[in-house]
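Chemist: Coordinates for the following, if possible.
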Amino acid sequence: MRLFLTAMLLPFVLTACVNIKVEPKGIVDDTVKASKDLYRTVKAKSKDMEERVYTYVVANEVPENDVTATEQCFAKLKELANSASKVKPQLFDQRSEITTVDGHRAVRCSLTALVKLN
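Modeler: Okay, the predicted model is just below:
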């Protein structure tokens, strides 16, 4: 790998003053996360399950109601996941953010779930 990088960067170094720094930031964390995701996907397929990502947006003009709007958003997503699955779905990765949709303040949330199809 180092020889390949040297061969690719050598022409730049010889023709101009170029400073390129290659750092593997977060490579271990990314590798572990990718491995866990792959394991979860393979395990789900063997149990006739499918990983789905649900997203929903709730309008919220009043900043003080952010918590309530977020709870409503996740309740709707859990309802969708439950209706799609034959058994109780396994819920993963819940995310929410305050955003603007068509000039109006809103809460966007997403939920990753494993649902049983058959």
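Chemist: ok, so what distance separates the residue nearest to the spatial centre of the chain from Pro24?
Modeler: With distances taken as Cα atoms, centre = their mean, the residue of the chain nearest its centroid is Asp93 (7.3 Å). Computed as Cβ to Cβ, to the nearest Å, the Asp93 to Pro24 distance reads 24 Å. In short, each C-beta sits where N, CA and C put it, glycine included.
Chemist: Ok, Leu77 next?
Modeler: In terms of Cβ to Cβ, Leu77 sits 35 Å off from Pro24.
Chemist: Ignoring the adjacent residues along the chain, who's closest to Thr99?
Modeler: Arg108 (5.0 Å; Cβ to Cβ, 6 or more residues apart in numbering).
Chemist: Quickly list what the one you found is bridged to.
Modeler: Judged by DSSP bridges, the bridge partners of Arg108 are Val57, Glu97.
Chemist: Tell me, how many residues neighbour it?
Modeler: 17 (other Cβ atoms under 10 Å).
Chemist: Repeat that for the one 4 residues further on.
Modeler: Neighbour count of Thr112, defined by other Cβ under 10 Å: 19.
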